[in-house]
Each structure stands twice: as C-alpha cells, then as structure tokens.
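**Q** Dropping a prediction and its sequence here:
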Amino acid sequence: MIENQKGFVPIIIVLIIVAIITGGIFAWQYFRVLEEVKVPEEVKMPEEIEKEEITEKEKITIEELIKRGKKISVRDTYRIGDARMIRLGLNFYYEDHGRYPATLDELAGPPYFTKGEVPKDPTGTSYEYRFLSEINDYQLCINYDKVGRQCYSSQDFEE
C-alpha cells in the first residue's frame, strides 16, 4: 500500500504546481489589462472613427469637438495627453530658467521628463516646436486626425 502512495504524491505535487502557474497566468492577464492606458471619461472611444468633413469656415479645435461630444481617434487622445505633458515640462523649465527652451530636446531627462525623452506623436515623429525668443514664448503645433494642424502658445494653456 505504501508503494502505491509513493506514485500518488508526485502527481499531487505536479497538479498543485500546474494550478499555481495557471492562477498566476490569469492574474497576470487581469492586472495587465488594468494597467493599460486609461482614457479620460470625457473622450468617447469609437469602434470606427467617423470621418466628418470640416470646412475651413467651421474650423474648430480638438477641445471643442470633445465638448460637443464628438468622437475622436485614439491617436488624437494620445496627442491631447502629450500636449498637456509637454506644456507642464515647458512650464517647469520656465520656472527654473526664466525662459522657454530653444528646443524640446532641452526637456529630455530629469527633472522634466524622467524617461529621457519628450513625448512624440503616435506616428513616431516629433511634435513641431518653436521658441519665440523676441516675446519669450513658444509655439507647439500638433497635427490631429480630426481637425488638422493646431498650434498652441503658453497663453492657450493658462488655467
């Protein structure tokens, strides 16, 4: 009888290990989904992006589209977040140096962007930035899918 139990114990151990590994995989997948980027509630995420024609006469900002409850692309959602992060970096730089940086590369690394680089457009290109030294301001331009090119200065972000 003892010999029969010797073969039974390794099977139990193997089953316990398989159960632990399976539970770990399910937990990893569950928490990985929770860690994904959370989109602000005011932005509606469409399954398919509506292509609305916006004429030059009725050119509106991406922010106005969101206020109206219009759908925007996932890439535009990232661009909105990037614009906010770059603006914060620019404001911190201004507080430290009394002027805005000549290029966005001056913001790369601590204390402005700890990951070492300034956010880039979801397509992989850099956002367009110009330092306006004569008025100590900047121009940050972003190409949105829905409304096209929009440019911002420090006054556009004052709260």
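**A** Happy to help now that I have it.
**Q** What are the boundaries of the helices in this structure?
**A** All helices of the chain, identified by DSSP state H, fall at 2-35, 62-67, 74-97.
**Q** For Tyr127, find the nearest of these.
**A** With C-beta to C-beta as the measure, helix 74-97 is the member of the helices of the chain nearest Tyr127 (6.8 Å). All C-beta atoms are positioned from the backbone trio N, CA, C, and that covers glycine.
**Q** Pull out the buried positions in that closest one.
**A** By 16 or more other C-beta atoms under 10 Å, the buried positions in helix 74-97 come out as 75-80, 82-83, 86-87, 89-90, 93-94.
**Q** Tabulate these (CSV), appending distance to Val18.
**A** Output for the buried residues of helix 74-97, formatted as CSV (distance: C-beta to C-beta, whole Å):
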residue, distance to Val18
Arg75, 42
Asp76, 45
Thr77, 41
Tyr78, 40
Arg79, 45
Ile80, 45
Asp82, 44
Ala83, 48
Ile86, 48
Arg87, 51
Gly89, 48
Leu90, 53
Tyr93, 54
Tyr94, 58
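**Q** Tell me which two of those residues sit farthest apart.
**A** Among the buried residues of helix 74-97, Arg75 and Tyr94 lie farthest apart (C-beta to C-beta), at 28.1 Å.
**Q** ok, how many other residues are close to the residue lying closest to Tyr78 once chain neighbours are set aside?
**A** The shortest distance from Tyr78 to any non-neighbouring residue, by C-beta to C-beta, 6 or more residues apart in numbering, is to Pro122 (4.9 Å). Around Pro122 there are 15 other residues, counting by other C-beta atoms under 10 Å.
**Q** do Gln150 as well
**A** For Gln150, using other C-beta under 10 Å, the count is 18.
**Q** Please tell me how far it sits from Val118.
**A** 18 Å (C-beta to C-beta, to the nearest Å).
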